[in-house]
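In: Here's a sequence, model it:
(one chain, ligands or ions: 1)
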Amino acid sequence: MRIARFTTGQDPRFALVEGEPGQEELVVITGDPIYMPVQPTGERVRLDDDAVRLLAPVIPRSKIVGVGRNYADHAAELGNEVPSAPLLFLKPNTSVIGPDDPIVLPDWSQRVEHEAELAIVIGKVTKDVSPERALDHVFGFTAANDVTARDIQRSDDQWTRAKGFDGSCPIGPWIVPALDTEDLQVTARVNGETRQDGRTSQMVFDAAFLVSYVSEVFTLLPGDVILTGTPAGVGPLTDRDVVEVEVEDIGVLRNPVLRRG
Ligand code: ZN
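Out: I've put the predicted structure just below:
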């Protein structure tokens, strides 16, 4: 199953996505499936209909929790050790944008980079859950780009500005519930050229462990998102690039890059 959030010009609605790539149809459902059982309204819309625009499949109710250095080869490329416990940071929900929304490069950074990541979408109020029970609290998985102002990450002691700015968290194109995420390919392409190509099996801490660990720090609310870290190959984004993050068995999250002014 794939669950998208979309608009045809009015209020956002949710839909199941059916069909092969390029032929997808949206089967419209009533309400938000994180909170309500999935129930089709009977309306179907073609994804390539000009009126249809996919939105971020979820706007996190309270937070996005990022995990730094969760792939050894990425930690090494930036000259860091793999941490002995997950290295957590927060991105505000105002950093979220959806498929095809532009990533606007902030004026105060000269080096903004892509980070292709598997994202976990929480389905239930979660506090102090064990790794064994953690996946029972997950609504599904999507793709994310943990866009990072690398120069600012180095110059500021805190990562808030480097990773929290508007547009720094593209997510989508939809949520896949009940996905086995032990060994999925995670890639980033810029203008069609592959920059990152890793597998979730290379993560130091897996999805279940991360949900458990994060839930010992924060109460997770339905719709909150955990970013699971990025494989090696991060690199710069410049004006008019098109960046694609693809997670196997989920889909492709594509965003144009713009520098204003
Ligand atoms: Zn990241």
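In: contacting residues around the residue in the stretch 101-250 of the chain positioned nearest to the ion?
Out: Nearest residue of the stretch 101-250 of the chain to the ion: D146, at 3.3 Å (Cβ to the ion). Bear in mind the C-beta positions are built from the backbone N, C-alpha and C, glycine included. The contact partners of D146, by Cβ atoms under 8 Å, 6 or more residues apart in numbering, come to 66, 91, 115, 117, 163, 168-169, 227, 230.
In: From those residues, list the ones also adjacent to the ion.
Out: Counting by Cβ under 5 Å from the ion, the subset of the contacts of D146 that neighbours the ion consists of 115, 230.
In: sorry, back to before: can you tell me the closest non-neighbouring residue to the residue of the stretch 101-250 of the chain closest to the ion?
Out: Distances taken as Cβ to Cβ, 6 or more residues apart in numbering put E115 closest to D146, at 3.9 Å, once the chain neighbours are dropped.
In: The one you found against V234, yeah?
Out: Yes - E115 lies in contact with V234 (Cβ atoms under 8 Å); the separation is 5.5 Å.
In: Now do the shared contacts for those two.
Out: In contact with both E115 and V234: 148, 188, 196, using Cβ under 8 Å, 6+ apart.
In: Backbone dihedrals for the second one, both of them.
Out: Backbone geometry at A188, expressed as degrees, to the nearest 10, gives phi -130, psi 140.
In: Before we move on, what's the pLDDT of the residue nearest to T41 when sequence neighbours are not counted?
Out: Distances taken as Cβ to Cβ, 6+ apart put V28 closest to T41, at 4.8 Å, once the chain neighbours are dropped. pLDDT for V28: 98.
In: what's the answer for P106, then?
Out: 97.
In: related to what we said a few turns ago, out of the contacts of D146, flag the one nearest to R240.
Out: Closest approach to R240 among the contacts of D146 (Cβ to Cβ): S168, at 18.4 Å.
In: list the contacts for that closest one?
Out: S168 touches 91, 95, 103, 146-149, counting by Cβ under 8 Å, 6+ apart.
In: The ion contacts on the stretch 51-200 of the chain?
Out: 115, 146.
In: Tell me where the stretch 51-200 of the chain is predicted with low confidence.
Out: Scanning the stretch 51-200 of the chain for pLDDT under 70 picks out no residues.
In: Okay, helices next: where are they in it?
Out: Using DSSP state H, counting those that start in this stretch, the helices found in the stretch 51-200 of the chain span residues 72-77, 131-134, 150-155, 160-164.
In: Grab the longest helix from this structure for me.
Out: Secondary structure of the chain per DSSP state H: the longest helix is helix 207-215.
In: contacts for that helix?
Out: Counting by Cβ under 8 Å, 6+ apart, residues outside helix 207-215 touching it are 65, 67, 70, 85-86, 88, 118, 120, 122, 126-132, 134-135, 137-138, 141, 181, 200, 205, 220, 226, 228.
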